[in-house]
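[1] After the sequence you'll find the predicted model.
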Amino acid sequence: MSTNKEDEMLIVQGDEDRDKEIFSAGFIPGWIGEGGLQPEPTNEFEGASWSWERARELLISASKSINPRVAERRNIRMANPAKDKRTSLNTLHASYQMVAPGEFARSHRHTVNAGRFIIESSGAFTTIDGEKVPMLENDILLTPNWIWHGLGNDSTENGAFWIDFLDDPLVSSLKTIFFEVRDENYKDMKNNIQSPFVISWKNVQELLEEAAASPTEMYGQRVKLDSSAIPTMEIYVEKFAAKTNTTPNKSTSGRLFICVEGSGYTKVDEKKFDWRRGNVIAVPSWHNFSHFSETESILFEINDEPVIQAFGWYREE
Ligand SMILES: [Fe+2]
């Protein structure tokens, strides 16, 4: 039958010599292996969570042998549990970091955009663009692309701890990372308690008081914060009443959630990831997720939506 003949013509005929010749000329036959086109995205990163309680113990123990003057920074990376990953998601990454009492780390700058959520501090500071900015608990400090930033701790008794979040997997995949270091004299630096690079907890709380709950029940009360200094990332704060269950959804954006207060869990696909203060949850793009709050709770969310939106690739279900 003629239709069979046409079908036959569409079947790739095995021919090792033909394929070898193509390989040896520096090509790959397009009919071998996977092409780039699939009906929908696959993201090999997995849902994941990291415990602040455990991270704190590990950092205190590392502070006895790791000196940031030598190691640049004392941090532990929240690497995704999927095979061979060193970053939290394919576009975003987070680490826990500590500065010991009385310690200073030199200043550096990089094309990677970053922010830090302060978990514990009594006298720690970040230098941003030549000014000393106090690190206050629950504040977020932004260190954008190519801005000098160093850090130190004026407390002689207490270590300071925070969560760094960065777009370095994205900048790295685009091969646009630059990095420089310099020494700064912190002693002579002026304090800035109104830095434009700070999202203050006080301000966040005021915004939350006026926020309405999500009509789609995809969120709790959710407010977008001003993070325009780091244009690859959006930051939201989200507040849940006790026993709130959000509607499962997925989108083409990767998301990191930091628990500020309260307790509950985030379900990613079929797995549950518990949160309480300081824990971080990673939700890869195009994986289903929903939140459940045991108690009244507040989460920060950092996502890569601005990048995905910029080129018309944002979709949600
Ligand atoms: Fe940095």
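    In hand now; what should we look at? Residues are numbered from 1 along each chain as shown.

[2] what's the domain layout of the protein?
    Following automatic domain parsing, one finds the domains of the chain at 48-198, 202-310.

[3] As a markdown table, these with mean pLDDT would be great.
    Shown next, in a markdown table, are these (pLDDT from 0 to 100):
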| stretch | mean pLDDT |
| --- | --- |
| domain 48-198 | 95 |
| domain 202-310 | 95 |
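
[4] Glu317 is nearest to which of those domains?
    Among the domains of the chain, the nearest to Glu317 by CB to CB is domain 202-310 (5.5 Å). Bear in mind the C-beta positions are built from the backbone N, C-alpha and C, glycine included.

[5] start to end distance for the closest one?
    31 Å (CA to CA, to the nearest Å).

[6] One more: stretch 148-168?
    Using CA to CA, the end-to-end distance of stretch 148-168 comes to 16 Å.

[7] now do stretch 272-279
    Its start and end residues considered, stretch 272-279 measures 13 Å (CA to CA).

[8] Only the buried residues of that stretch, if you could.
    Phe273, Trp275, Arg276, Arg277, Gly278, Asn279 (16 or more other CB atoms under 10 Å).

[9] Mind putting the domains of the chain into JSON lines with distance to Ile32?
    Output for the domains of the chain, formatted as JSON lines (distance: least, CB to CB, whole Å):
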{"stretch": "domain 48-198", "distance to Ile32": "24"}
{"stretch": "domain 202-310", "distance to Ile32": "26"}
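
[10] Ok, which of the ones you listed comes nearest Phe27?
    Here domain 48-198 is closest among the domains of the chain (CB to CB), at 23.8 Å.

[11] quick one: the closest one to chain centroid distance?
    13 Å (CA atoms, centre = their mean, to the nearest Å).

[12] Out of the domains of the chain, which is closest to Ile28?
    Among the domains of the chain, domain 48-198 sits nearest to Ile28 (CB to CB), with 21.3 Å.

[13] Let me see the ranges of the helices in the stretch 151-300 of the chain.
    168-173, 201-210 (DSSP state H, counting those that start in this stretch).

[14] Could you single out the most deeply buried of those helices?
    helix 168-173 (a mean of 18; mean count of other CB atoms under 10 Å).

[15] Name the surrounding residues that touch that helix.
    87, 89-93, 111-114, 177, 232, 304, 307 (CB atoms under 8 Å, 6 or more residues apart in numbering).

[16] Tell me the buried residues within the residues you listed.
    Here, 16+ other CB under 10 Å leaves Thr87, Leu89, Asn90, Thr91, Leu92, His93, Val112, Asn113, Ala114, Thr232, Asp304, Val307 buried among those.

[17] thinking the fifth one is in contact with Phe257, fair?
    No: taking CB atoms under 8 Å as the contact criterion, Leu92 and Phe257 are not neighbours in contact, 11.3 Å apart.

[18] So Gly26 versus Arg18, what's the distance?
    15 Å (CB to CB, to the nearest Å).

[19] follow-up on the earlier one: I'd like to know which of the domains of the chain is closest to Thr42.
    domain 202-310 (7.6 Å).

[20] So Tyr265 is in contact with Asn279, correct?
    No: contact criterion CB under 8 Å: Tyr265 and Asn279 do not qualify, at 9.9 Å.

[21] Give me the spatial nearest neighbour of Leu256, chain neighbours excluded.
    Ile302 (4.6 Å; CB to CB, 6 or more residues apart in numbering).

[22] does the one you found belong to a helix or a strand, and which?
    strand 297-303 (DSSP states H and E).
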